[in-house]
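Q: I'll drop the sequence and a predicted model, then ask my questions.
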Amino acid sequence: MKNKHAGQVIVDSLALHGVERVFVVPGESYLAVLDGLHDSNIATVVCRHEGGAAYMAEAHGKFTGQPGVAMVTRGPGAANAFVALHTAWQDAVPMVLFVGLIPVADRMRESFQEFDPNAWFGTQCKRVFVLDEAERASEVVAEAFFAACSGRPGPVVVGLPEDVITHAVSGQLHPMLPVAEGGVSLKEVEALKADLLAAAKPLLYIGGQRWTPEAASLLTHFAEHNGIPVVHDWRAADRVPFDSPVNCGSLGYGRTEMTLSMFDEADLLVAVGAALSDVPTEGFSVRQGHERINILVNIDTSLRGNSGGVTRHIIASPVAFAEALSDLQLGRAAAWQHWLTEGRAAQVAASCLPELGTLPTTSPGTAHMGAVVGELVKRLPEDAVYSFGAGNHCAWAQRFLPTNTFPSQLSTRNGSMGYSVPAAVAAALESPERLCVVVAGDGEFMMNGQEIATAVQHGAAMLILVMDNGQYGTIRSHQEMHFPERVSGTQLANPNFASLCCAYGGHGETVASNDEAAGAVERALDAVTQRRIPALIHVITDPQHDLP
């Protein structure tokens, strides 16, 4: 085949792997790859900050199950992208980060923006490749995608020395490497059936990655048909629909007492894709006894992050497990009815928004977040997508926004801020027909809110709710517990967020009283769905009423 420079071969290999867009902040260190993108069908989404670009790639991985691709330059660019790499590592999300590097001859000479990719990233990703041989460009792309997707998914870094990627190489492309889903043997199905039939209080605990809409639907059918209650891992509430009669809520921060009680009391726990890590187990304090009956269905052979007893480990992805169980009928739904009914009733009560007239009175010039969320929920389509990062504001999204379609919830399990707006950009570009809703705090929004400019440039419409309480609310609440009435380092002076969105080319609304909520939500939704631009509702809230 005709020779091409290695940068072009990398782009051609990305296309072979089904990549439709890459999220980039340009740099002179990988100009050959940018040149390869020039005539490609792959969309180049130009971002405002490497953290935003890498978050978009991570969110794409969560949203599609396929690796999101980010491209940044050496040194400072790579450092800025690290936050998303850490998120993808802890959340087990497939992602490939391409980083331009200094020329090979300049290594180990303290060259401009030089760093060691293995030393920086080696503990926070599955593989670190450095393309030292241009002829291996396509092979390295194939290996990177395989590593990102196989087993427990995660991020992969590919370093691109700027001189190597300009070398002419054969245009022959390395084929995609197949990723195994694992499997459930007939013996394992029969053993699981026997365990379920013997259980008085069985519980499905689900989360993690490697889900598909089909797998989520099959597992929902299995749980509903057999009357088995389901609890979700933290920030993974979209596997079983919000309104399913078996959905008993989510674990982690913001969980109900009933959800935690069911998790601890279950005499048989079947964890599908999820591990008993620190957040759902309340800091490794719940369900830790090794005598507990826990069947773990997980493609990760190492069970990284898991704690407590392991009765049986079935090495299978949620896809393989859901297919294996789709026709299993237990005939025990009546015996488990009280167990399920009690858990479901608690979840329904917790997710029911209070009526406008019953909301607490806030200080003059402020609104209650419940008023805005309540007006929004009335108008949401069935397949809306939600993104949120970290902070007290997340409780409003986690608790009240209905996740009835998989995937529909994009968030971070590692508590990383600045995620919400970039994640919505990724989702809106991938599925422009779906309404994307961002819930952000003032501190969280300011970390990557400039990516609204990226959204406008590339046609990613979204609705953004910013809860402005003038502080880092979560840290302030911890501060009040440990050092009462000694406020230090948590207060914020904020811009007019509505005007800021308008300046980027979007639509802005400000809500400073509860009676302004309905009109603001209506106009903002019209801007998103009819004018196809980002819209932001700046909700000025009372710091005393951060949480539901």
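A: Thanks, I have it. Numbers count the residues shown, from 1 in each chain.

Q: what's downstream of the helix or strand bottoming out on mean pLDDT in the chain, the next helix or strand?
A: Ranked by mean pLDDT, DSSP states H and E, the helix or strand of the chain with the weakest confidence is helix 473-482, at a mean of 79. Past helix 473-482, further along toward the C-terminus, the next helix or strand under DSSP states H and E is helix 497-504.

Q: Give the rounded mean pLDDT of that next one.
A: For helix 497-504, mean pLDDT rounds to 98.

Q: could I have that helix exported to CSV, CA atoms only?
A: These are the backbone C-alpha positions of helix 497-504, laid out as CSV (Å, rounded to 0.1, in the frame of the first residue of the first chain):
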residue,chain,number,x,y,z
PHE,A,497,-23.6,32.8,35.2
ALA,A,498,-26.6,33.6,33.0
SER,A,499,-24.8,36.5,31.3
LEU,A,500,-21.7,34.3,31.0
CYS,A,501,-23.7,31.7,29.0
CYS,A,502,-25.1,34.4,26.8
ALA,A,503,-21.6,35.7,26.1
TYR,A,504,-20.6,32.3,24.9
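
Q: Contacts for that helix, please.
A: 442, 445, 449-450, 452-453, 455-456, 464, 466, 468, 507-510, 534-538 (CB atoms under 8 Å, 6 or more residues apart in numbering). From N, CA and C alone the C-beta is placed, and that goes for glycine too.

Q: same check, this time on stretch 297-308
A: Outside stretch 297-308, the residues that touch it by CB under 8 Å, 6+ apart are 92, 151-152, 181-182, 184, 208, 210, 270-278, 281, 284, 287-290, 292, 294, 296, 310, 313-318, 321.

Q: In helices, which of these appear?
A: 318, 321 (DSSP state H).

Q: Of the contacts of stretch 297-308, grab the buried ones for ChimeraX.
A: Typed into ChimeraX, the next command selects the buried ones out of those (criterion: 16 or more other CB atoms under 10 Å):
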select :92,151,152,181,182,184,208,210,270,271,272,273,274,275,276,277,281,287,292,294,296,310,313,314,315,316,317,318,321
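
Q: ok, back up a step: helices - which of the contacts of helix 497-504 land there?
A: Mapping the contacts of helix 497-504 onto helices (DSSP H) picks out 442, 445, 452-453, 455-456.

Q: ok, the residues you listed vs Gln479, which is closest?
A: Asp442 (16.7 Å; CB to CB).

Q: number of nearby residues for that closest one?
A: 26 (other CB atoms under 10 Å).

Q: any idea how far Arg399 is from it?
A: Applying CB to CB, to the nearest Å, the value for Asp442 to Arg399 is 20 Å.

Q: Flag every buried residue along stretch 213-221.
A: For stretch 213-221, burial by neighbour count (16+ other CB under 10 Å) applies to 215-220.

Q: Need the mean per-residue confidence for it.
A: Rounded mean pLDDT across stretch 213-221 is 98.

Q: For that stretch, which outside residues touch it?
A: Residues contacting stretch 213-221 (CB under 8 Å, 6+ apart): 204, 206, 238-241, 244, 246, 272, 317-319, 321-323, 325-326, 405-407.

Q: repeat that for 10 Å
A: Applying CB atoms under 10 Å, 6 or more residues apart in numbering, the external contacts of stretch 213-221 come out as 65, 181, 204, 206, 211-212, 230, 238-241, 244, 246-247, 272-273, 317-327, 405-407.

Q: Among the residues you listed, name the ones in strands.
A: 204, 206, 230, 247, 272 (DSSP state E).

Q: The second one: what's it in contact with?
A: If I follow you right, that is Ile206. Applying CB under 10 Å, 6+ apart, we find Ile206 in contact with 216, 219-220, 223, 230-233, 236-237, 239-240, 270-274, 297, 318, 321-322.

Q: can you rerun that using 6 Å?
A: For Ile206, the contacting residues are 232, 239, 272, 274, by CB atoms under 6 Å, 6 or more residues apart in numbering.

Q: Among those residues, which pair sits farthest apart?
A: Longest span within the contacts of Ile206, CB to CB: His232 and Val272, 10.4 Å.

Q: For the ones in strands among the contacts of stretch 213-221, give me JSON lines that also has distance to Gly418 and pLDDT.
A: Below are the ones in strands among the contacts of stretch 213-221 laid out as JSON lines (distance: CB to CB, whole Å; pLDDT from 0 to 100):
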{"residue": "Leu204", "distance to Gly418": "33", "pLDDT": "98"}
{"residue": "Ile206", "distance to Gly418": "27", "pLDDT": "98"}
{"residue": "Val230", "distance to Gly418": "31", "pLDDT": "98"}
{"residue": "Asn247", "distance to Gly418": "30", "pLDDT": "98"}
{"residue": "Val272", "distance to Gly418": "30", "pLDDT": "98"}
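
Q: and which of those residues is nearest to His368?
A: Asn247 (26.2 Å).

Q: backbone phi and psi for the nearest residue to the closest one once chain neighbours are set aside, please?
A: Distances taken as CB to CB, 6 or more residues apart in numbering put Val240 closest to Asn247, at 5.1 Å, once the chain neighbours are dropped. Phi and psi for Val240, reported as degrees, to the nearest 10, are phi -110, psi 130.

Q: returning to what we had before: which among the contacts of stretch 213-221 count as buried?
A: Buried among those by 16+ other CB under 10 Å: 65, 181, 204, 206, 211-212, 230, 238-241, 244, 246-247, 272-273, 317-325, 405-407.

Q: What score does Asn298 have for pLDDT?
A: 98.

Q: any idea how far it is from Phe321?
A: Here the criterion is CB to CB. By it, Asn298 lies 9 Å from Phe321.

Q: Could you do Glu342 as well?
A: For Glu342 relative to Phe321 (CB to CB), the value is 26 Å.

Q: what number of residues lie near the residue nearest to Leu429 when sequence neighbours are not counted?
A: The shortest distance from Leu429 to any non-neighbouring residue, by CB to CB, 6+ apart, is to Ala460 (5.1 Å). Per other CB under 10 Å, the neighbour tally for Ala460 reads 25.

Q: again, but for Pro155
A: Summarising burial for Pro155: neighbours were counted as other CB under 10 Å, giving 34.

Q: now Arg486
A: Arg486 has 8 nearby residues by other CB under 10 Å.

Q: circling back: in the least confident helix or strand of the chain, which residues are buried?
A: The neighbour-count check on helix 473-482 (16+ other CB under 10 Å) flags 473-474, 476, 479 as buried.
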